[in-house]
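Novice: Predicted model, plus sequence, below.
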Amino acid sequence: MAALTASATEAPAPGVLRKPAVRKLGVLLLLAAVLVPFAVSRWGSGAWPGALTVDLSGPLGTASDWIVDNRDSHPLFLYFLGHVSNVVVIAVRAVYLALLAVGWAGVTAVAALTAWRVAGIRPALGTAAAFLACGLLGMWVPTMQTLALMVVAVAASVVVGALLGLGAGLSDRVHRGLRPVLDTMQVLPAFAYLLPVVLVFGIGVPAAVLATVVYAAPPMARLTALGLRGADKEVLEAVESLGTTARQRLLTARIPLARKELLLGLNQTIMMALSMAVIASVIGAGGLGDRVYQALASVDVGAALAAGIPIVLLAVVLDRVTGAAGARLGDAPAPHARLLGVCALAAAVVVAAAGRIAGRLEWPESWVVGIAEPVNRAVDWMTAHLYSGVPVVGGTADWAGRFTTWVLDPLRDGLQWLPWWSVLLIVAALAWLIGTWRTALTAVLAMAAIGVLGVWGPSLDTLSQVLAAVSVTLVIGFALGIAAARSDRVERLLRPVLDVFQTMPQFVYLIPVVALFGVGRAPAVAAAVVYALPAVVRITAQGLRQVDPAALESARSLGATGAQQLRQVQLPLARPALLLAVNQGVVLVLAVVIIGGLVGGGALGYDVVFGLAQGDLATGLVAGAAIDCLGLMLDRVTQPTGRRATKGA
Amino acid sequence: MRIRTMPAVAAGCALLLLTGCGAADMTKQSSPFANARGARTVTLSVQSWVGAQANVAVAQYLLEHELGYRVDTVQVDEVPAWDALSQGRVDAILEDWGHPEQEQRYVEDKKTIVGGGDLGVTGHIGWFVPTYFAKRHPDVTNWKNLNKYADQFRTPESGGKGQLLDGSPSYVTNDKALVKNLKLDYSVVFAGSEAAQITQIQQFAKEKKPFLTYWYTPQWLSEQVPMTEVKLPPYKEGCDADPDKVACAYPHTPLQKYLNADFARGGGKAAELLRNFEWTTEDQNEVSLMIAEQKLSPDEAAKKWVDSHRSVWEKWLP
């Protein structure tokens, strides 16, 4: 199969590749020729016609008022949502109090020993170091708050995700129904999830936890389904022939066989939950994200960093531990495993008890290292020397200004100048060329929905930022990816950097970019590029490395130079990987460009922030829906059909 | 299998009956992080600007050291803070710039929030240019001349027009309407957060560049970057009633405190102290400057101020 597609893409045979493309374009042109004159004569050209928009602000405003007025009296709230909210509060509180009761020494010991048992000695040391660092930075209590919120959110996500995944894994109908929903949820930016929950639950921890669950459950569901469906048919048949019931088969064969996927799902769920738990500080989640948010408000980069580092440490530790646990699955259990586990438990209990007896539950204040001041001095120095007036290359502010004037402005104005029907046509053409008529239809409908919602202008503004950021990301990402694929040393150098950048929650990126690029769309784009880069580099490098060595060998034997090999063999053969890199890049960039509303990115991101800040949920919800549509459209336009075939499983 | 699931189902139903039958009013649920370890806790809302941080820092210091409370702070934007206050997730807002709509809903209609009296500080919103620019071009301080200077205020972000820098989306602003109704050749650029706005102003000031910004007093940055207000058409009662037709300056607002109704009733000494809390613009600025410019932690700044102003705060103690 691989060889087949390879030869198809590798050969510059117009006969194979061009024909369907030409046919598709022909059909589109024909459609356009019929429909466009009609549409133009009816609604005019230019921006999205006003006659085709639906103004939702009235009904949405009424709905929001109704909820606020009835939140303390309507049965729906009293007997259902109130309990949901209550359970969340009680659960988070229980975990939080437990963490405080165990004390800092106890928590560190329990975490490290757990990491040791499931993942090995190195992750355990890392875990201990990370927790101690959180304390040293003076962030012990916020870290515990975030951890408490995370524990509850992850537990709920795993239960919800696993149940959905179980349904989809066992029943084809559920799977068919669920897959488009999960696919869609995966491309939606985290920010868009905040508003609906705030609308119902108001600002606070319950809303934050629920937004986190909605955001983090899909990967668990997806991977559970994947694992159950991917189980080896022969093993299942063998088990069946033993006369087992369906339930026994599930418990003894299918679920154990899917362990790897289940753990991977857990890993992804944890990472997404952490990222969301931090963003949710905008809606009152408290904890570390709140500290970052507060520090951002007083431009205290040092304090923001002091709260940002624990987030990153938590992310890296959780990622490594669950990752290593996944990798160790299937290894034979070490001798005395149970005995060691009991010992570890006992040791943790001893440490916690010692902490209690010593009366040292809270992190001692004298052990706090203030990093805010030196960091702020460093940042001041950086901004003073890099921001502007650097000879020859110009300062970062000059770059940002030039980028805005020469790239972002023309792009935005160009997009907004395009007649609405031509935008739809372009979307349709791109999506159809790369995918099927179904994906094209979805993309066009999503784009049209944006117009109908009445946010055509701001959406194209956001789109222009996304396009600019994606192009920068791809240029840098492909360059780095090629370098990493060709040289082991470069890859070794890059890997830890990429690891850290990939696990960092989106929120943390906002801090340094404001200091360097000022306010506006440029810093939003910069943050997006930094966030999306690791994934693009990694996928590119992997794709290039997986190219069949035999093909390379034969090229080399024909006397091709390094550059020729790369251009004529490696890149064409790695095309699916490159397309996937583009797709991932687009989705990730969109997520951060939206958060860029907090640093002056304007457009849809600003509308969401505005909606949250002013309690004007109509504006926010409409913008949120437009973001969803934009994400959907961008995903479909860049999604090669191959992805569905391989990922569908 | 049927038989084995029965007890589970029964247990689930029982649990549901136990917990699920009573009404659960989510507007009466406090933060899960409050009152940890049996301490009496007060939750204060900190708004994002430093003046508000100063109020909270001093109140927190006094509550903790004089009255033995534990204080939690939450950062919430202004309008959602009203909602949180009404739900009791926050016990008090110490500095409110005037939200008539929310006041009507929560104080008058639902009675979940009660007024807490004056903060003692008068706030004012306006358009400002840096003083170094106003000295060179004295006529810029009248809005009628603003169009003359539009090209000097131009930035890449504002396109062909002058830039009027606005801050956080949560702040009270009529600027878009003002620009339109006063026929000014400007475009409003929203920084998206006050942090971003301050960074931008500081960068402009470092290079002595001209800029026009939405700003307010009291604000610590005005000490660091002296700014002069641009005169807008004078404020008259009710001239800002229709948000689309506003063509007048912003009012001077005596800043208010608000307390959650239950907290005001049952909050004991803490509620008393917060109700009595009243200081001056100078006091607030002193603390703000320590926080924002000398980069003291709010707690240290509050301690410094409290140590040197005993006569002011002694009157607040119940």
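Specialist: Ah, there it is.
Novice: drop to CA atoms for contacts and neighbour counts, all remaining ones
Specialist: Noted.
Novice: domains for the chain, by residue range?
Specialist: Using chain A. Listed domain ranges for chain A are A:86-310+A:333-377, A:394-648 (source: automatic domain parsing).
Novice: looking at chain B here, not the other one
Specialist: B:38-122+B:254-314, B:123-252.
Novice: could these go into a markdown table alongside mean pLDDT?
Specialist: Listed next are the domains of chain B as a markdown table, based on pLDDT from 0 to 100:
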| stretch | mean pLDDT |
| --- | --- |
| domain B:38-122+B:254-314 | 86 |
| domain B:123-252 | 85 |
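Novice: Reformat those as TSV; add distance to chain A.
Specialist: As requested, those are exported to TSV (distance: least, C-alpha to the nearest C-alpha, whole Å):
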stretch	distance to chain A
domain B:38-122+B:254-314	5
domain B:123-252	4
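Novice: To residue A:432, which of these lies closest?
Specialist: domain B:123-252 (35.2 Å; C-alpha to C-alpha).
Novice: quick one, what contacts the residue nearest the centre of chain B?
Specialist: By C-alpha atoms, centre = their mean, chain B has its centre lying nearest to residue B:47, at 4.0 Å. Contacts for residue B:47 (C-alpha atoms under 8 Å, 6 or more residues apart in numbering or on different chains) come out as B:53, B:75-78.
Novice: who wins for neighbours among those?
Specialist: residue B:76 (30 neighbours; other C-alpha atoms under 10 Å in any protein chain shown).
Novice: show me what contacts that residue?
Specialist: A:282-284, B:45-48.
Novice: So how do I select the buried members of those in ChimeraX?
Specialist: In ChimeraX, a selection of the buried entries from those looks like this (16 or more other C-alpha atoms under 10 Å in any protein chain shown):
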select /A:282,283,284 /B:45,46,47,48
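Novice: could I get the contacts of residue B:76 as a markdown table with secondary structure and distance to residue A:571?
Specialist: A markdown table is the format used below for these (DSSP: H, G, I helix; E, B strand; the rest coil; distance: C-alpha to C-alpha, whole Å):
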| residue | secondary structure | distance to residue A:571 |
| --- | --- | --- |
| A:282 | helix | 43 |
| A:283 | helix | 45 |
| A:284 | coil | 47 |
| B:45 | strand | 55 |
| B:46 | strand | 54 |
| B:47 | coil | 52 |
| B:48 | coil | 50 |
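Novice: In CSV, list the contacts of residue B:76 along with distance to residue A:476.
Specialist: Conversion of those to CSV gives the following (distance: C-alpha to C-alpha, whole Å):
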residue, distance to residue A:476
A:282, 32
A:283, 35
A:284, 36
B:45, 43
B:46, 41
B:47, 39
B:48, 36
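Novice: which one of the contacts of residue B:76 sits closest to residue B:260?
Specialist: The closest of the contacts of residue B:76, once distances to residue B:260 are taken by C-alpha to C-alpha, is residue B:45, at 11.4 Å.
Novice: Spit out the contact partners of that closest one.
Specialist: B:56, B:73-76, B:81, B:90-94.
Novice: what's the longest strand in chain B?
Specialist: strand B:113-130 (DSSP state E).
Novice: Can you give the strand pairings for that one, parallel or anti for each?
Specialist: Note on strand B:113-130: by DSSP bridges, its sheet partners are strand B:212-217 (antiparallel), strand B:227-230 (antiparallel), strand B:252-260 (antiparallel).
Novice: Alright, calling it a day.
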